[in-house]
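Novice: output the structure for:
(chains A and B)
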Amino acid sequence: MRASQLFSPTLREVPADAEIISHRLLFRAGLVRKVAAGVYSYLPLGWRIHQKLAQIVREEMNAIGAQEMFMPVLVPRELLEESGRIGVDILFHQKDRNERDFILGFTHEEVVTDIVRNCVQSWKQLPMSLYQIQTKFRDEPRPRGGLIRGREFTMKDSYSFDLDEAGVTKSFEAHRSAYEAIFKRAGLDYLVVDADSGAIGGSQSNEFMILAESGEDTVLVCDTCGYAANAERAEIGGLLTTVAVGTGDAASTVVSTPGAHTVAEVCDFLGVPADKLIKTIIVQSGDQVVAALVRGDRELNLPKLGRVLGSPAELADAATVQRVTNALVGFAGPVGLSGIRIVLDAELADAADMVVGANENDAHRTGVTVGLDFMPTDVADIRTALAGDPCGKSGCSGRYSTAHGIEVGHIFNLGTRYSKVMGASVQMDTGEQRDIVMGCYGLGISRTVAAAVEAHHDDDGIIWPVSIAPYEVVLIVVNPKDDAQRGAAEQLYQELTNKGVDVLYDDRDERSGVKFKDADLLGYPVRVVAGRGVAEGMLEVVLRRDKANPSAVPISSATADIASLVAEEKGRLS
RNA sequence: CGGGGUGUAGCGCAGCCCGGUAGCGCACUCGCUUUGGGAGCGAGUGGUCGCCAGUUCGAAUCUGGCCACCCCGACCA
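Specialist: Residues are numbered from 1 along each chain as shown, chains lettered A, B, ... in the order given. Model prediction:
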């Protein structure tokens, strides 16, 4: 491709609303343009990157025997009613001319399960994995970060169908290894972490994270055993599991704390540190209302609590808090609280002389000892793990550190969550009718493009891994009006192209500075310059990732040298 | 959904407080010069000032409503 013919609108400045680095660089480099909040167009070079990544994904999915297909964006509401997901709040709804309700596909479990239940009847047809690369639509409450969290984005989603738990485990592992191969080929350092399976259900769930400052997720990594988990999931080690029943007289006293309903206000008022407070958080989980207790300086982890309770937990509304505690939000406490479960964070199992809410307005209770002044119904690990906390893997004595990550892949063992309610089953050789055991496996293509930029850039622009770069080589002719320079460049361009090297030839009649700046910004892995050295029969070759160390290459051997340099770069990723 | 902020030329911004001919830089067009890190000089093109209403002789500017977008939080297959 010749740059003079290419539509590649690079910018010197960026709109003020682009905050995170990948958004700024993707925009400045002319790879994407915003159409609406969370909705983007890919310009030609951006689309090449997207296609290269999609092709890697395709090859690795095919390699584990998954079969590519294509499902529609329009999904009739009836299918989501069957699975019970019609109430999901991020769905885009669309009515047809007859007022029939369609959902724009946000993921395709129902659609693929519908196909399978109609077409698969026998155990002999399984196992099977199907996938597609498709645009997904999610009406995110808050799209952000350019391609990181869009309302319309591309995702590879695959679905596995097995006869039993052993089968789905095999499919799950196959996808895990395919994902590892994909991210390795894409030149991205990833971390596989234990994850919460959320509303999607299922037993086993791993996320693939690209570590980046701007990542929305916090991950905890053990410094000793290497265990890694999303903060929503990471368990804390070395915790007590029971409360010892205290002896003696309950000695707590109620003190007046007018207007103090936050932890900070109570600490200020009473002159105690936050770790001597117990926060009592009233939570709704399914039909039950529960009091969750964590130390004043800790954060309640709702997914963890939800797993303890058996259904997802959310903060109760103010009216419920009032009803349960007879007080405003901010004055709840475990002492004298009756009729509801009290879940105590395990860290507090032996806590003594604590401050809690008094269940009356403007009052707290001091000198509270667990097991003496009150008895919890459950003791469990329900707070969010922090850097420095002990690792939760049994037998490991390591400690966690934290990092931020961008979730680019998520793989789930779904069990029979969908097959059971939708009636997807096969007949076994025994004659038994058995629910199909499913897995689902998402990989955000557009998000991975953004994550790659987050992971690979410098002050001058993007540094693409060669496997997903818009072009492998950029060839700059410094002065196109110089016949020797232009002649050498033209010939090299032809030879490289003939040799199958993916080369962008910057033949524009621009000043050299413009071409160098654009080459840096666009991040082509290899840069070749036909400049003043041509007079001595030399070209300059340099790697984008090692820009300070150019080498001079004789024109006579340039084609072969550059081709082998590209091959070498590719080799680093396999 | 709560809090904060922004909408003026393709991009970045000033003008608004204190109403009176819409401005700057980049980009773009033409000419000449220039060619190893976003060139110089000269001459030009381009704007319903987010939308609707109101106040006023007169509104980018004041008032009200609406919309869009960004950030923080909530939320998040």
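Novice: any idea how many residues pack against the one residue in the stretch 351-500 of chain A that gets nearest to RNA strand B?
Specialist: Nearest residue of the stretch 351-500 of chain A to RNA strand B, counting by C-beta to the nearest atom of the strand: A:Asn479, 3.3 Å away. C-beta: built from backbone N, CA, C; applies to glycine. Neighbour count of A:Asn479, defined by other C-beta atoms under 10 Å: 16.
Novice: that one contacts A:Ala489, correct?
Specialist: No. Between A:Asn479 and A:Ala489 there is no contact under C-beta atoms under 8 Å: 10.1 Å.
Novice: OK, contacts around the residue nearest the centre of chain A?
Specialist: In chain A, the residue lying closest to the centroid (C-alpha atoms, centre = their mean) is A:Glu407, at 1.4 Å. Residues in contact with A:Glu407, defined by C-beta atoms under 8 Å, 6 or more residues apart in numbering, are A:207-209, A:215-217, A:444, A:447.
Novice: give me the phi and psi angles of it.
Specialist: phi -80, psi 110 (degrees, to the nearest 10).
Novice: how far away is it from A:His93?
Specialist: Applying C-beta to C-beta, to the nearest Å, the value for A:Glu407 to A:His93 is 26 Å.
Novice: ok, A:Cys391 next?
Specialist: Taken as C-beta to C-beta, the span from A:Cys391 to A:His93 is 44 Å.
Novice: between the two, which has more neighbouring residues?
Specialist: Neighbour totals were compared for A:Cys391 and A:His93, and A:Cys391 leads with 26 against 11 (other C-beta under 10 Å).
Novice: mind listing the residues bridging to that one?
Specialist: A:Ile236 (DSSP bridges).
Novice: do the same with A:Val343
Specialist: Applying DSSP bridges, one finds that A:Val343 bridges with A:Ala292, A:Asp378.
Novice: surely it touches A:Gly306?
Specialist: No. Counting by C-beta under 8 Å, A:Gly306 is not a contact partner of A:Val343; they are 11.0 Å apart.
Novice: more neighbours: which of the two?
Specialist: Neighbour count, other C-beta under 10 Å: between A:Val343 and A:Gly306, A:Val343 has more, with 26 against 20.
Novice: gap between that one and A:Leu309?
Specialist: Separation of A:Val343 from A:Leu309 (C-beta to C-beta): 8 Å.
Novice: how about A:Ala212?
Specialist: 33 Å.
Novice: what of A:Ala327?
Specialist: 23 Å.
Novice: give me the common contacts of A:Val343 and A:Leu309.
Specialist: Joint contacts of A:Val343 and A:Leu309 (C-beta under 8 Å, 6+ apart) are A:Val290.
Novice: list the pairing partners of the helix or strand hosting A:Val221 within its sheet, with orientation.
Specialist: Element membership of A:Val221 [criterion: DSSP states H and E] is strand A:217-222. Next to strand A:217-222 in the sheet, as set by DSSP bridges, lie strand A:228-230 (antiparallel), strand A:400-415 (antiparallel).
Novice: can you tell me the average pLDDT over stretch A:159-169?
Specialist: Stretch A:159-169 carries an average pLDDT of 97.
Novice: oh sorry, the question was meant for stretch A:350-358
Specialist: Averaged across stretch A:350-358, pLDDT comes to 92.
Novice: check stretch A:210-220 too.
Specialist: 87.
Novice: ok, residues contacting it?
Specialist: By C-beta under 8 Å, 6+ apart, stretch A:210-220 touches A:20-22, A:145, A:148-149, A:183, A:188-191, A:193, A:207, A:209, A:228-231, A:234, A:385, A:387, A:389, A:400-408, A:448, A:451-452, A:454-455.
Novice: and those residues, which are buried?
Specialist: The neighbour count (16 or more other C-beta atoms under 10 Å) marks A:20-22, A:145, A:148-149, A:183, A:188, A:190-191, A:193, A:207, A:209, A:228-231, A:234, A:385, A:389, A:400, A:402-403, A:405-408, A:448, A:451-452, A:454-455 as buried among these.
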